[in-house]
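Chemist: this one's structure only:
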């Protein structure tokens, strides 16, 4: 089993087994960091960082250097390198002809996928806007595994900014796949976005119990519990027990408290910023004395600002600097595997499998559907010249399309069928997407419009049966 | 034959044979990119980029790394590193004592020559303002040779911004040396500058037929043909045939269409920008269906903006990504040769030689002559402390001096002779440069003034015989 | 004897013997620059530059590459990498887990010490604001040794900006330790700061003769002599001879003239800038013809602006480019030693020892004493979360505390004793620091306040005996 020539754009690009494979190799490399200098000799990694990220970049570059490979870097604080108006695709093709592997960080969501589509060499996403940051998730999981000996069936509390923190989104998916119970403890106003919740429940098939924090506002120093996610075969049949059961559950404690920083640079408004200031809470020595945290490890993707007190650093439960340190062997393992410099035996299949169901139809017709996320790579001037938007049809109730680049969702209003009209002008009818007609049209024939104007411009007329459901 | 310790500042620093030598080594290295890691082991390349250039920099750095050498880099988006007021010469001396070879990109024209003058190690010009970018030309020529099997006697169309694109200037000289016929198809207002034309005709001894685009304005989608350059022994005796012959000539097609981007960052005025917008034309699939382009390869130095449609990328005639890819073996070969890490047997002399005539006298007297190019390195505050302007006397009709740094030309108005006055005050006479006196004064005795004030200040009086020609 | 796992934050971190040890290894490496590629194979240096410094950074990176090690770099023109609000300590811990050695330049004074406190790997200070730049001092001393064959008993003139130039401060201490006589020739208004003078006299035990430049204003082209520092066993008993003796002394000449650039970026006001313009003097060929400079070598830490004329470059006495060149073997030696990749035999003790006396008590009580230097690392918002200010008590007349981070001094006004009150409220008395009470309180019991408010807030009342001295 090997990972040669694969990309890592989202954590879902790796199966549970493949993740274990990366960890097995990371274990091996941790013990011999200085003996790997021939592993990738003669190979070149391009390290392309179009957003500030000292930590992640240095970690990747240290990893490639420890493997004996070489690094060529682009570090841009702004998009100035793109000042000449070059597209990401062109950059990817050119750099892909210089280097053997590309690591990319970019503010546009979906940018890493574009690079992978054009580079011709393995591509690792080191963060694309608010979308994904899969190697951070690998470091998080690896630390959980090292400290708890297994990934299966853990109970993890996610703390702080669950809205904008891309690392907690990826982590939530990954935890779900390994059968975790997840406690959401967001800073009020920074709850997990609905599309993440949908994915967790619809695709990972777990259940979500919502508490909306109401009953627990008085917990000392803690952000209130907003919801609990339970994987289908989760050991605790939490959903069947009333609130008092939750209380018990909470008192049993969690394996890890995963603290996040408020992503101030991604806030939509200053109102959000002020909101967050009001609800400011700090994980400090006092909070860690609370019942239920006695054996809880404290994790943080760093950099921290002040959500995590320095006094915790000396506590043996604090793991955030170890998380960072482990980034090097994890990335060494990943790079070596993607470059095909190393293969690893398959670990035996064990424990429950929570593989994600995902066989959505992709909608590719040119009907001017556009992603509504203004940070999506498909909406950038330089990229519209060649990228055709594509969407997965993830739900019919209501009609929901997910951008294949940034994974944001849209809800188009109008539909038609390519089968019925078959080029015959008088048969060209469109219907409301929320009418019963949606169920009548097979997905391969589905035509979708964002506006009536678009439908009319293409010669469709409103069908009789297409009134609102 | 070796190139050890040589500099590459302009493409003219390499003979045709030496260029072939670089190509022979690049061929060898293309086939064994990963086996060169001992070639430059222990050597250091300084990569000094004082202007944005992700592509060229990464290409050089990848090349040195593939050779097993090491890279130290300076990447400055502005001149901030020079904020402390240091001169280029001082930087060159210091960096030359750290590294074994220097690659420099700088916005000041002539800067690379200054670095070479002071560094004490081989220097490669990776672009000095609008002046030269010789390794781009090597990549262009190499692609022509790989795709057309020979460099001699090709027919090449240059397209787009021929005024500011330094790559097309260097390429034109190089093509002339290999006996090419060149079609100039500029975006109107962006014609080849006169000093390039002069060099092509006066120094490479070819002929230029001007069409000024008038007769061909209606060609579909094409920029009109402005001029055709024919090397002296060129196979087509184009100059002897009337316009209808040109029509035939055009229909025969060209070997390559070399497309360039408008160098917006170098435009003098926004008027130019607006002018260019008006005349916007795109090389797309439709245009490549035109008669005469059936077997034409499409080249572009990249980055492109929108002068070259993405739909062309899949066309087998498109070569621009191959040009970029070939930059690595070309630069590997060049670096290895200049470092003396490799020697190559001389390829046998073959085909016609179009070596450039160049034995101009250099004018070095301190008579306050200054280059008029405000981007010239000799006109920068930090550099005037030590650089003495020098000029080649390239013509007497009218008196034309070419800056040895940036190659821009000046036309001084007043002359005198050092022989006649020989320190005798009453013999100190100056004359108009456009008088017959210019022919009477031997170049070694020539004194040149930019203004009457300067002549008078030095004790010269207007001579009787010096009235205007 | 080895230096493995040591830091180099100030030049005082190395003994005279250890400095000689670095030089011995640098000598060895100079002769075999290209043969060291296995010395640090597999090791990584993090090169963290948060202030512009092409020269120093490239020198360090070239050194590590010549040793066969690898480099990961951060180059920030501003503090943007810290835009996320991360502290230096967190950065140090994380980078220390990626790399085997850290080189840091930072605008905050004392920042390098903080990095060393947290990194867990050897740290080299490559300049922390106006505080220290010890490897520059090593290059300077090494050049003096190479050119004068010994470091002991030299006579050195320091020229120009002695106020803001951190290199001359470190150099002065180092020269004192090797028994030098130092002539201070500052640009008027840019004299050596008092805290440097204090250290030289109080801790290195030398004597300072002040001339204040008055008598010598007419020296041709020279900055007037402000003061002369003589080490205790210095060969010239200068202090005992009258002014005419100085004249003789001056005419005997100096071994080296160390020229510095005005540190414009550190000027407090534009008034200072204008002042300096007025007093502008240039070291040029003419000045070097003055009596006393016949055998004087000319040194400069570079970059120069115009305090040192280009015409001097060709003079065999000019050493500044050699200083820069020698930076590579010096830094190779230093890195190899700190990484433990190399040990060196101890050179035999020789010559007089001028080791610094330094056994001050450190004041660590939390009484809100703060360093007054606004560039001190202890006064930065991100750092106050974890750094506790600490001070050495360097004098009682008047009470003088020196910040252990940036070495600036403060003079607190109020004192108390922890012994006398021993928790008994009515005994809590504070006194004026300039009263005789200061002498009565043992340093281990000393409590120090910056303000009466602070003393009162802690329950102290003004003691009777504490009136002003």
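Modeler: Right, received. Where do you want to start? Since we're looking at a predicted model, the values are computed, not measured. Numbers count the residues shown, from 1 in each chain, chains lettered A, B, ... in the order given.
Chemist: quick one: low-confidence ranges for chain A?
Modeler: Within chain A, the segments meeting pLDDT under 70 span A:1, A:77-84, A:213-219, A:232-251, A:264-278, A:346-357, A:466-469.
Chemist: and residue A:447, which of the three is it?
Modeler: Under DSSP: H, G, I helix; E, B strand; the rest coil, the three-state class of residue A:447 is strand.
Chemist: give me the number of residues near it?
Modeler: 21 (other C-beta atoms under 10 Å in any protein chain shown). For the C-beta atoms, the positions are set from N, CA and C on the backbone; glycine is no exception.
Chemist: Do you have the helices of the stretch 1-150 of chain A handy? List them.
Modeler: A:16-30, A:54-66, A:88-98, A:111-119, A:134-148 (DSSP state H, counting those that start in this stretch).
Chemist: For chain C, find the nearest of those helices.
Modeler: Nearest to chain C among the helices of the stretch 1-150 of chain A is helix A:54-66; the distance by C-beta to the nearest C-beta comes to 3.8 Å.
Chemist: and that closest one, anywhere near chain C?
Modeler: Yes: Helix A:54-66 lies within reach of chain C by C-beta under 8 Å from any C-beta of the partner chain, at A:54-55, A:58-59, A:61-62, A:65-66.
Chemist: just how off-centre is that helix within its chain?
Modeler: Relative to its chain's centre, helix A:54-66 lies at 21 Å (C-alpha atoms, centre = their mean, to the nearest Å).
Chemist: now the angle between helix A:134-148 and that helix, please.
Modeler: 80 degrees (axes from the mean of the first three to the mean of the last three C-alpha atoms, to 10 degrees).
Chemist: Just list whatever residues bridge to residue A:101.
Modeler: residue A:45 (DSSP bridges).
Chemist: Against residue B:37, how distant is it?
Modeler: Distance, residue A:101 to residue B:37, by C-beta to C-beta, to the nearest Å: 17 Å.
Chemist: so residue A:384 sits in a helix?
Modeler: No: Residue A:384 is assigned coil when assessed by three-state DSSP, not a helix.
Chemist: what about it, how many residues close to it?
Modeler: Residue A:384, neighbours per other C-beta under 10 Å, totals 14.
Chemist: out of the helices of the stretch 1-150 of chain A, nearest to chain B?
Modeler: helix A:88-98 (3.7 Å).
Chemist: For that closest one, which helices and strands make contact with it?
Modeler: Counting contacts by 3 or more C-beta pairs under 8 Å, 6 or more residues apart in numbering or on different chains; DSSP states H and E, helix A:88-98 is packed against strand A:44-49, strand A:101-106, helix A:111-119, helix B:54-66, helix B:320-338.
Chemist: For residue C:5, which of those is the nearest?
Modeler: Nearest of those to residue C:5, taken as C-beta to C-beta: strand A:44-49 at 29.1 Å.
Chemist: how far out from the middle of the chain is that closest one?
Modeler: With C-alpha atoms, centre = their mean as the basis, the mean position of strand A:44-49 lies at 21 Å from the chain mean.
Chemist: OK, contacts around the nearest residue to residue A:179 once chain neighbours are set aside?
Modeler: Leaving aside its chain neighbours, residue A:179 sits nearest to residue A:231 (4.6 Å; criterion: C-beta to C-beta, 6 or more residues apart in numbering or on different chains). Shown in contact with residue A:231 (C-beta atoms under 8 Å, 6 or more residues apart in numbering or on different chains): A:176, A:179-181, A:204-206, A:354.
Chemist: Return the distance of residue A:231 relative to chain B.
Modeler: 44 Å (C-beta to the nearest C-beta, to the nearest Å).
Chemist: Distance check, that residue against residue A:22.
Modeler: Per C-beta to C-beta, residue A:231 is found 22 Å from residue A:22.
Chemist: same thing with residue A:465?
Modeler: Plainly put, residue A:465 is 53 Å away from residue A:22 if you go by C-beta to C-beta.
Chemist: Quick check: residues of the stretch 351-469 of chain A near chain B?
Modeler: Close to chain B, as judged by C-beta under 8 Å from any C-beta, the stretch 351-469 of chain A has residues A:385-386.
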